[in-house]
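*Asks:* This is the structure alone, sequence omitted:
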């Protein structure tokens, strides 16, 4: 959820655009339809564009359907939707994405892009076509596995003294609170890697508000999750002796 009062307070005369990432990396949080409507009203009031990163939009774990801010009245003409194939279709290495926006924005984006790369190669583009037009049963099966993994990692983390974790509503990340261990996010991550060979990302890698948290990904097998959580538990227990 985005705090609309904080967002309003952050806007200055130089502000041109609001960036939204929902479902979110690193927390797995999902903005509600009402929260997005508030942001849409603010954007229209302040005559701002919205850039909405919807790369995780298929990876939702509650019953509420996904809402794009572009769907609200008056928002298509001021919204840039960016998405891709890496999460829904497990095509991470293909680097294939797309954007939808008003024509004048797309024209400018294309001019900027052509100075960085020529194009996505043809084989990858046809792979994207196959992903969009093919059977999505594999996607549903993948989402079922993610739901199991989410439950596994969150329930496991919440058994560890000094560690807690809210259940993410989307994406495939868990944002664990490690304040009870007495370590900073960076120290926790470094020591956990050195002592238990488990990799997590310090919450501060995503901004000052991430202090006291670490990010874990559950885009891996269940055995790896169990072993990783077990080692984190051992690490935390050693800290609290």
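*Replies:* Ah, there it is. Small disclaimer: the values here were computed from a predicted structure and weren't measured.

*Asks:* Could you check how far residue 88 is from residue 102?
*Replies:* Using Cβ to Cβ, to the nearest Å, one gets 25 Å for the distance from residue 88 to residue 102. C-beta coordinates here come from the backbone N, C-alpha and C atoms, glycine included.

*Asks:* So which of these two has more stuff around it?
*Replies:* More crowded of residue 88 and residue 102, by other Cβ atoms under 10 Å: residue 88, with 19 against 13.

*Asks:* how about the nearest residue to that one, chain neighbours excluded?
*Replies:* Take residue 88 and drop its neighbours on the chain: the residue closest to it by Cβ to Cβ, 6 or more residues apart in numbering is residue 58, 4.3 Å away.

*Asks:* Kindly state the pLDDT recorded for the one you found?
*Replies:* The model reports residue 58 with a pLDDT of 94.

*Asks:* Quick check: beta-bridge partners of the nearest residue to residue 48 once chain neighbours are set aside?
*Replies:* Spatial nearest neighbour of residue 48, chain neighbours left out: residue 18 (5.7 Å); criterion: Cβ to Cβ, 6+ apart. Counting by DSSP bridges, residue 18 forms beta bridges with residue 50.

*Asks:* From what I see, residue 204 and residue 210 are in contact.
*Replies:* Yes: at 5.0 Å, residue 204 counts as touching residue 210 under the criterion of Cβ atoms under 8 Å.

*Asks:* Now do the same for residue 98: helix, strand or coil?
*Replies:* strand (DSSP: H, G, I helix; E, B strand; the rest coil).

*Asks:* Now residue 60, what are its backbone angles?
*Replies:* When read as degrees, to the nearest 10, the backbone of residue 60 gives phi -120, psi 140.

*Asks:* so who does the residue nearest to it when sequence neighbours are not counted touch?
*Replies:* Nearest non-adjacent residue to residue 60, counting by Cβ to Cβ, 6+ apart: residue 170, 4.9 Å away. Contacts for residue 170 (Cβ atoms under 8 Å, 6 or more residues apart in numbering) come out as 22, 23, 24, 28, 29, 30, 56, 59, 60, 61.
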